[in-house]
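Undergrad: Build the 3D model from these lines:
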Amino acid sequence: MKTDIHPDYHPVLFRDLASGKTILTRSTATSQKTETWEDGNEYPIIEVEISSESHPFYTGKQRIMDSAGRVERFNARFKNFGGKTSS
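TA: Here you go, the predicted model:
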């Protein structure tokens, strides 16, 4: 293998903001923020919006994300779209 062509692959913490679960894995991603893990070592931490801990496909629970009524506004706006017009 060629030397010095691969990115730095190191331990990183990922925190799921939706569930609060934190996992330690290896990645090329990095962060300025750090946190001490259960083993006493300090690792960079990357916060993600969703992971397998909170995604509906993996949990089997559907979350309602439409708090602004977007679906209702869309349906009202396009209620007559594509309908036949009378002359």
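
Undergrad: going forward, measure contacts between C-alpha atoms and count neighbours the same way
TA: Fine.

Undergrad: can you tell me the average pLDDT over stretch 72-84?
TA: For stretch 72-84, mean pLDDT is 77.

Undergrad: and what of stretch 36-49?
TA: 93.

Undergrad: what residues are up against residue 8?
TA: By CA atoms under 8 Å, 6 or more residues apart in numbering, the contact list for residue 8 reads residue 28.

Undergrad: quick one: secondary structure of it?
TA: coil (DSSP: H, G, I helix; E, B strand; the rest coil).

Undergrad: Can you list phi and psi of it for me?
TA: phi -70, psi 120 (degrees, to the nearest 10).

Undergrad: From residue 28, how far out is it?
TA: 6 Å (CA to CA, to the nearest Å).

Undergrad: what's the answer for residue 52, then?
TA: Counting by CA to CA - residue 52 and residue 28 are separated by 20 Å.

Undergrad: now swap in residue 45 and tell me
TA: Taken as CA to CA, the span from residue 45 to residue 28 is 12 Å.

Undergrad: can you give me the strands in the chain?
TA: 10-16, 22-27, 34-36, 42-48 (DSSP state E).
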